[in-house]
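Engineer: A structural model of the following input is requested.
(chains A and B)
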Amino acid sequence: MRSINPTCKFFGIFLSAIILAVFYVPELNFFVLAACMAATVSAHPPAKLVLAVMLPTTLLAVGIFFSAYRFSSDTVIGAHRGIFSDVHMLNGLLLSGRLLAFAALGMLFILTTDQIDFIRSLNLQLKLPAKFAYGIIAAWGMFPRMVREYAKTRSAFRARGLRTGFASPALLLPLLVKSVRWSEAIAIAMESKGFSESGVRTALRTYPMRSRDVAFLILPSLAVIACGLLLTV
Amino acid sequence: MEKRGWELKDIIMMGVIGVIFAALYLASTSLWVAMQTAMTPFGLAVFAVDIVYGIWFMAGSIAAFILRKPGTAFLAEFMAAVIEMFMGNFGGPLVVLFGAVQGAGNEAGFAALRYRNFKLPGMMLSAVFAAVFSFVAEIITGSVVLLSLGLTVARLAVRVVSACIFTGLIAWLAAKGLARTGVLKSYPAGADVKAPKILDD
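Structural biologist: Predicted coordinates:
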């Protein structure tokens, strides 16, 4: 999974999620969930990251199930058989299952893709302007600095005996001020080193589109369509 | 309304706002999970997301307030969504789609006033549009039709109120506060401030 072209992986997963949204088949959601879990686990991500994604999603799915069960409309779309003959149960499972399937698709992407590779790949494959690609990379690179600054400001308040909440304006305003200054400094630094949109640019890392990347772009969507149609009839 | 093209510093500034708000968005996702879990026994869990939803439009409105350029609200919200995905939001690629839709809503609000109002009414209108756009997207992808009509209308109302509070009022106060520090002097938002209150290291 990790070696798939990031742009192909993004759009392969994105298209599958969109197609999944048009099917009203509870089993399909759970098939997608199982397939994504298997594909994610095969890439050996840390177990705690998998839990960090799936645990809150499961809590949300249970909540949505009961909401949909209690406040279900009388609308019945798609499957209406077996345990799904009860419309409340059917709608509850559809909505909660869909959330789990969407989360599993998202997890497959985020736990198997490097963020910088993804942006560079968008730059090379989809011709995302370099200003945007490197602008986002520069901003993303400031994240650890922002975390340190936020912790420093919070400690400064604590040292003065003042308690601040997680998203207190007293913490966010200085962070915003410094971040705006850093962003200007980085832009000036990049431009003074010759960064420009118009010049010829070479890339140290390239992200070729091989046949298996193209297959990943298309096959998951086709699989969702095929499973959806099979389960609908 | 500014008509110059995108400069690198504008893009990095939107990205930086995206990073800060993506972290806030992710934290609100945890708040949503906690609230939804607490509301589950009452069958009202679906309201939890609408209560926090207004937070998720703030990046677009604040960036538009600073740059005052067509496209800023959309791009900043879109970038915040991409960065939120990087930070590990479980929505993955769909977060980017929702970010784009929300950003389009933000943008439509400012565009409806021809990019001439970046005060409270403009910020409020942008918030309301973002709430409505996001709700329409959810009707399509989240099968909201399966829930009763009364519940759906109540959810939209809660979402609009949340958007007005967070993206309308709080984002406007935050952006004004930022402008007053003098740090935005090289941006259009800084031109309105006569005597900045310097906030230095």
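Engineer: Do a quick rundown of the helices in chain B.
Structural biologist: Secondary structure of chain B by DSSP state H: the helices cover B:8-39, B:46-53, B:58-67, B:72-87, B:93-112, B:120-141, B:149-163, B:171-180, B:188-191.
Engineer: Dump the ones you listed to TSV, plus distance to A:A156, mean pLDDT and mean neighbour count.
Structural biologist: Where you see a C-beta, it was placed from the backbone N, CA and C, and this is true even at glycine. Putting those into TSV (distance: least, C-beta to C-beta, whole Å; pLDDT from 0 to 100; neighbours: other C-beta atoms under 10 Å in any protein chain shown) gives the following:
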stretch	distance to A:A156	mean pLDDT	mean neighbour count
helix B:8-39	18	89	22
helix B:46-53	29	89	23
helix B:58-67	24	95	31
helix B:72-87	25	93	27
helix B:93-112	33	93	24
helix B:120-141	31	92	21
helix B:149-163	32	92	18
helix B:171-180	19	92	20
helix B:188-191	26	84	16
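Engineer: Any chance of TSV for the ones you listed, columns distance to A:I13?
Structural biologist: Listed next are the helices of chain B as TSV, based on distance: least, C-beta to C-beta, whole Å:
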stretch	distance to A:I13
helix B:8-39	19
helix B:46-53	22
helix B:58-67	24
helix B:72-87	11
helix B:93-112	5
helix B:120-141	14
helix B:149-163	27
helix B:171-180	31
helix B:188-191	37
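Engineer: In chain B, which residue is most central in space?
Structural biologist: Central residue of chain B (C-alpha atoms, centre = their mean): B:F57, 1.3 Å from the mean position.
Engineer: which one is the closest residue to chain A within chain B nearest to, not counting chain neighbours?
Structural biologist: The nearest approach of chain B to chain A comes at B:G92, 2.2 Å away (C-beta to the nearest C-beta). In space, and not counting its chain neighbours, B:G92 is closest to A:G106: 2.2 Å by C-beta to C-beta, 6 or more residues apart in numbering or on different chains.
Engineer: Report back the residue of chain B that's furthest from centre.
Structural biologist: Computed with C-alpha atoms, centre = their mean, the most peripheral residue in chain B is B:P41, at 30.1 Å.
Engineer: per-residue pLDDT, it?
Structural biologist: On pLDDT, B:P41 comes in at 76.
Engineer: can you give me the helices in chain A?
Structural biologist: Under DSSP H, chain A gives helices at A:6-22, A:26-42, A:47-70, A:87-110, A:115-125, A:130-141, A:143-159, A:169-192, A:211-232.
Engineer: Give me whichever of those is most buried.
Structural biologist: helix A:87-110 (a mean of 24; mean count of other C-beta atoms under 10 Å in any protein chain shown).
Engineer: Tell me which helix or strand in chain A has the weakest average pLDDT.
Structural biologist: Here the helix or strand of chain A ranked lowest by mean pLDDT, DSSP states H and E is helix A:47-70, holding a mean of 84.
Engineer: ok, back up a step: looking at the helices of chain B, spot the one closest to A:L33.
Structural biologist: The minimum distance between A:L33 and the helices of chain B falls on helix B:93-112, with 14.4 Å, by C-beta to C-beta.
Engineer: Now do that closest one against helix A:6-22: the angle between them, please.
Structural biologist: 80 degrees (axes from the mean of the first three to the mean of the last three C-alpha atoms, to 10 degrees).
Engineer: Just want the angle from helix B:93-112 to helix B:72-87.
Structural biologist: Using the same axes, to 10 degrees, helix B:93-112 lies at 160 degrees relative to helix B:72-87.
Engineer: which strands and helices sit next to helix B:93-112?
Structural biologist: helix A:6-22, helix A:87-110, helix B:58-67, helix B:72-87, helix B:120-141 (3 or more C-beta pairs under 8 Å, 6 or more residues apart in numbering or on different chains; DSSP states H and E).
Engineer: Great, nothing more from me.
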